[in-house]
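J.: With the input below, show me the fold.
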Amino acid sequence: MTLIFRHPHMISVKNCFIRGSVIRYVHLPSDGIDTQLLQEATRKEVLQSRQQGTSK
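T.: Now for the predicted structure:
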C-alpha cells in the first residue's frame, strides 16, 4: 500500500480477500514486471487458443 496516510487502518493488515468485481485498477511498479516473460506467455496463450479453435 503506497498511501498509508489515506488508509491508516490498513497498516496492520497482512493479507485479505478482495472480490474481483471490486477491483478497478491495479498499479504495478515497472521494474517489477518482466515484459519479455509476459510477452512470451501471451504468445503461447494465443497460439493455444488458435489451435483449439481450429481443432474443433
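J.: distance between the helix or strand where Leu37 lies and the chain's centre?
T.: Assigned by DSSP states H and E, Leu37 belongs to helix 35-54. On the basis of CA atoms, centre = their mean, to the nearest Å, helix 35-54 sits 17 Å off its chain's mean C-alpha point.
J.: ok, now stretch 17-37?
T.: 3 Å.
J.: how long is that stretch from one end to the other?
T.: Stretch 17-37 stretches 27 Å from its first residue to its last (CA to CA, to the nearest Å).
J.: quick one: Arg50 from Gln36, how far?
T.: 21 Å (CB to CB, to the nearest Å). C-beta: built from backbone N, CA, C; applies to glycine.
J.: same check, this time on Ser30
T.: Look at Ser30 and Gln36: by CB to CB, they are 13 Å apart.
J.: for stretch 17-32, how far is the first residue from the last?
T.: Stretch 17-32 has an end-to-end distance of 22 Å (criterion: CA to CA).
J.: List the buried residues of that stretch.
T.: In terms of neighbour count (16 or more other CB atoms under 10 Å), stretch 17-32 has no buried residues at all.
J.: try stretch 48-56
T.: Under 16+ other CB under 10 Å, stretch 48-56 has no buried positions.
J.: Now that stretch: average pLDDT?
T.: What stretch 48-56 shows for mean pLDDT is 82.
J.: ok now it, how far from the chain's centre?
T.: 25 Å.
J.: would you put the C-alpha positions of that stretch in CSV?
T.: This file holds the C-alpha atoms of stretch 48-56, laid out as CSV (Å, rounded to 0.1, in the frame of the first residue of the first chain):
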residue,chain,number,x,y,z
GLN,A,48,-3.0,-22.4,-27.9
SER,A,49,-6.4,-20.7,-28.3
ARG,A,50,-5.9,-20.7,-32.1
GLN,A,51,-5.0,-24.4,-32.1
GLN,A,52,-8.1,-25.2,-30.0
GLY,A,53,-10.3,-23.2,-32.3
THR,A,54,-9.1,-25.0,-35.5
SER,A,55,-9.2,-28.5,-34.0
LYS,A,56,-12.9,-28.4,-33.3
